[in-house]
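In: after the sequence you'll find the predicted model.
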Amino acid sequence: MYAKIDSISVQGVEGVPVEVEINLGNGLASYITVGLPDAAIKESRDRIISALANKNYSVYLDRAVVNLAPADLKKEGVLYDLPIALGAMLAKGDIVIDSTADFLVVGELSLDGRIRPCKGILCATITAKKLKKKAVIIPFENANEAAVVDDILIYAVKDIDEAISALKGELKPFDRKENIGSVEVIEENNFLDFEDVKGQELVKRAITIASAGGHNLLMLGPPGSGKSMIAKRIPSILPDMSREEAIETTKIHSIAGLLDRCESLMCKRPYRAPHHTISNAGLIGGGSHPKPGEVSLSHNGVLFLDELPEFSRKVLEVLRQPLEDGIVNITRAACSMTFPADLMLIAAMNPCPCGYFGHPTRRCSCSSTMVNRYMSKISGPLLDRIDLHISVPAVEFKDVVSTKPALSSREMKLKVDKARKLQQIRFEGQPKQCNAFMNEKMLKIYCKLTSNASDILELGMQQMGFSARSYSRILKVSRTIADLSESENIESNHITEALNYRSFDQRN
């Protein structure tokens, strides 16, 4: 008595097809699960038996072999409960259908036969569509998430009875139009606004440049100058996500179990701000079966690292690859996985341990040795990968009490969108369409300097001792500044401004 149900295994951010094979035989009582299952899968027997019994199905798993193929791929999670239960009923003959080949099934069983929500349902639905499946059977609470994928039937089931009805074709598929609204609309009212930030016009200029070109940015200033406040408002001026970006972002958060059950598609760019006590694995991902870390959860959005020198130096150094390549490679003895990490890094730090070095009114209590030691916690190679360095001065009283309207997010976003449209035209056909990701070949093509601009850049490189990587970053920032000015070539004033955003290189 044999049956097979198709399911998936989530590997990184991709779904790998898994065949759940069930064989009910004679002989001594035993329940064996093979195919590199984890502890949660091995425990599924008791959940399945209780669920079937409480739904009045007389299926016994005392003489059963469950194989999760391919056998050399490590499987984990509780999403195999439902396919194993349905497979057992098919093998016993309690369910009679011609074929299960058109279905992909995932779901966790509760002891009373209800279906619990699972992680990675969007990934499962995308995989099912790639495999040319006609339908997926998934937990009801994950229906909105799966409904993002078009051209595939979704059976959102509340219990095992509905799952059986779905296999038999007796259950009505989930109605996308009836249950979810448009996923393309962004609720702008939920965003914080730069209009709340008093003064700091030069900082807002740097933020606009960083957002327009997708550049990383470091803010240095005393406590209370508004660094965190500014960082939280950056998503409000970033371009709206395309549908492809939204699906990719939603998939990562679904795999991590962070997706709101009522949410069908993440339309707002993610903003992540981990504490400085975070570990390597927490930041870039990891574990015996690697999971996405904060850099991947920030994919297509903003990663804000406040109090940068307080992070462990080892933790900060693992940021090098994500900032350079936009991906994270995690290798373990049993597997190697790649996670996307196309993010905008915003970092903030005080100028010294007490925070008041260079403050106009507060006295700094740190010695020069303490200041130098504090600044040296940020390595040169990491600083090289941060395109813009900006000082955030203490806010003056006249700015705090001013009633003059400040530069708003709407005004800044208009400038950012205009520059990004130029970049979309420039990099048409490229996977990443912003200046921050230009390679050396693109720099030669798109970063044409006037003779005066070239002379200023050469002089700046010689006097300030920049590295070759810093040179590339300066060109990229200059290109973005030129885009904001709608200039075809990079002029001397664009280079001068870009050079001013590399001032921290000399302090390190």
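Out: Good, I have the coordinates.

In: what ranges does the stretch 251-400 of the chain have for its helices?
Out: Applying DSSP state H, counting those that start in this stretch to the stretch 251-400 of the chain gives helices spanning 280-284, 294-297, 313-317, 320-325, 368-375, 380-384, 397-400.

In: between the ones you listed, which one is nearest to residue 450?
Out: Ranking the helices of the stretch 251-400 of the chain by proximity to residue 450 (CB to CB) places helix 380-384 first, at 25.8 Å. Using the backbone N, CA and C atoms, a C-beta is placed for each residue, glycine as well.

In: taking the helices of the stretch 251-400 of the chain together, which one is wrapped up most tightly?
Out: helix 294-297 (a mean of 26; mean count of other CB atoms under 10 Å).

In: what ranges of the chain fall below the confidence cut-off?
Out: For the chain, applying pLDDT under 70 flags the ranges 28, 178-191, 505-508.

In: where do the domain boundaries of it fall?
Out: According to automatic domain parsing, the chain comprises the domains 2-179, 188-430, 438-508.

In: quick revisit: so for residue 264, which of the helices of the stretch 251-400 of the chain sits nearest?
Out: Short answer: helix 294-297, nearest of those by CB to CB, at 18.6 Å.

In: for that closest one, packing partners?
Out: Counting contacts by 3 or more CB pairs under 8 Å, 6 or more residues apart in numbering; DSSP states H and E, helix 294-297 packs against helix 243-255, helix 280-284, strand 336-340.

In: in the first one, what counts as buried?
Out: Applying a neighbour-count criterion of 16 or more other CB atoms under 10 Å, one finds 245-255 buried in helix 243-255.

In: list just the nearest of these to residue 29.
Out: Closest to residue 29, out of all of the buried residues of helix 243-255 and judged by CB to CB, is residue 255, at 36.9 Å.

In: and the nearest residue to residue 309 once chain neighbours are set aside, what does it touch?
Out: Using CB to CB, 6 or more residues apart in numbering and skipping the chain neighbours, the partner closest in space to residue 309 is residue 377 (4.0 Å). Contact analysis of residue 377 by CB atoms under 8 Å, 6 or more residues apart in numbering lists 308-309, 313.

In: tabulate those residues in JSON lines, adding columns for distance to residue 102.
Out: Listed next are these as JSON lines, based on distance: CB to CB, whole Å:
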{"residue": "308", "distance to residue 102": "52"}
{"residue": "309", "distance to residue 102": "57"}
{"residue": "313", "distance to residue 102": "53"}
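
In: among those residues, which one lies nearest to residue 221?
Out: Using CB to CB, those come closest to residue 221 at residue 308, 12.2 Å.

In: measure that closest one to residue 433 for me?
Out: Separation of residue 308 from residue 433 (CB to CB, to the nearest Å): 28 Å.

In: report the buried residues of the one helix or strand residue 155 maps to.
Out: For residue 155, the host element (DSSP states H and E) is strand 153-157. By 16+ other CB under 10 Å, the buried positions in strand 153-157 come out as 153-157.

In: so what's the closest residue to residue 195 other than its chain neighbours up against?
Out: Spatial nearest neighbour of residue 195, excluding adjacent residues (CB to CB, 6+ apart): residue 408 at 4.1 Å. By CB under 8 Å, 6+ apart, the residues touching residue 408 are 193-195.

In: rebuild the residues you listed as a markdown table, extending it with neighbour count and secondary structure.
Out: Converted to a markdown table, those look like this (neighbours: other CB atoms under 10 Å; DSSP: H, G, I helix; E, B strand; the rest coil):
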| residue | neighbour count | secondary structure |
| --- | --- | --- |
| 193 | 16 | coil |
| 194 | 25 | helix |
| 195 | 16 | helix |
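
In: quick check, nearest of these to residue 43?
Out: Nearest to residue 43 among these, with distances taken as CB to CB, is residue 193, at 49.2 Å.

In: go ahead and confirm the closest one touches residue 234.
Out: No. Contact criterion CB atoms under 8 Å: residue 193 and residue 234 do not qualify, at 11.6 Å.

In: any chance of the helices of the stretch 251-400 of the chain in a markdown table, plus distance to residue 161?
Out: Shown next, in a markdown table, are the helices of the stretch 251-400 of the chain (distance: least, CB to CB, whole Å):
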| stretch | distance to residue 161 |
| --- | --- |
| helix 280-284 | 41 |
| helix 294-297 | 37 |
| helix 313-317 | 49 |
| helix 320-325 | 46 |
| helix 368-375 | 64 |
| helix 380-384 | 56 |
| helix 397-400 | 63 |
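
In: to residue 129, which of the ones you listed lies closest?
Out: Closest among these, once you apply CB to CB, is helix 294-297, at 22.8 Å.

In: C-alpha coordinates for the closest one, PDB please?
Out: The C-alpha coordinates for helix 294-297 follow below in PDB (Å, rounded to 0.1, in the frame of the first residue of the first chain):
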ATOM      1  CA  GLU A 294      19.200  41.100   9.300                       C
ATOM      2  CA  VAL A 295      21.100  42.000   6.100                       C
ATOM      3  CA  SER A 296      18.800  39.700   4.100                       C
ATOM      4  CA  LEU A 297      15.700  40.900   6.000                       C
END
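
In: mind checking how far residue 325 is from residue 216?
Out: Distance of residue 325 to residue 216, given as CB to CB: 13 Å.

In: give me the neighbour count for residue 430.
Out: When neighbours are counted by other CB atoms under 10 Å, residue 430 registers 14.

In: against residue 446, how distant is it?
Out: To residue 446, residue 430 is 11 Å away according to CB to CB.

In: got it, and residue 327?
Out: From residue 327 to residue 446 the distance is 23 Å (CB to CB).

In: ok, the two, which is more surrounded?
Out: residue 446 (19 against 15).

In: show me what the strand holding residue 155 is packed up against.
Out: strand 135-139, helix 143-146, helix 160-168.

In: name every strand pairing with it and say which way it goes.
Out: strand 135-139 (parallel) (DSSP bridges).

In: give me the contact list for the strand it pairs with.
Out: 82, 102-108, 115-118, 121, 124-125, 128, 146, 152-157, 163, 166-167, 173.

In: cool, and stretch 301-315?
Out: So stretch 301-315 is contacted by 218, 227-228, 231-232, 234-235, 238, 249, 269-274, 276, 278-280, 283, 294-295, 316, 343-350, 374-375, 377-379 (CB under 8 Å, 6+ apart).

In: and the residues you listed, which of them are buried?
Out: 218, 227-228, 231-232, 234-235, 238, 249, 269-274, 278, 283, 294-295, 316, 343-350, 374-375, 377-378.

In: so for stretch 444-452, first residue to last residue, what's the gap.
Out: Distance across stretch 444-452, first residue to last, is 17 Å (CA to CA, to the nearest Å).

In: and it, what's buried?
Out: Quick answer for stretch 444-452 (16+ other CB under 10 Å): 446-447, 449.

In: same check on stretch 76-84?
Out: For stretch 76-84, by 16+ other CB under 10 Å, it's 76-84.

In: could I get that stretch in PDB with only the CA atoms?
Out: Presented in PDB, the C-alpha positions along stretch 76-84 are these (Å, rounded to 0.1, in the frame of the first residue of the first chain):
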ATOM      1  CA  GLU A  76      13.200  20.500   8.400                       C
ATOM      2  CA  GLY A  77      10.000  22.000   9.700                       C
ATOM      3  CA  VAL A  78       6.500  20.900  10.300                       C
ATOM      4  CA  LEU A  79       5.100  21.600   6.800                       C
ATOM      5  CA  TYR A  80       5.200  17.800   6.000                       C
ATOM      6  CA  ASP A  81       2.500  16.900   8.500                       C
ATOM      7  CA  LEU A  82      -0.400  17.400   6.100                       C
ATOM      8  CA  PRO A  83       1.200  15.600   3.100                       C
ATOM      9  CA  ILE A  84       2.200  12.600   5.300                       C
END
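
In: cool, thanks, signing off.
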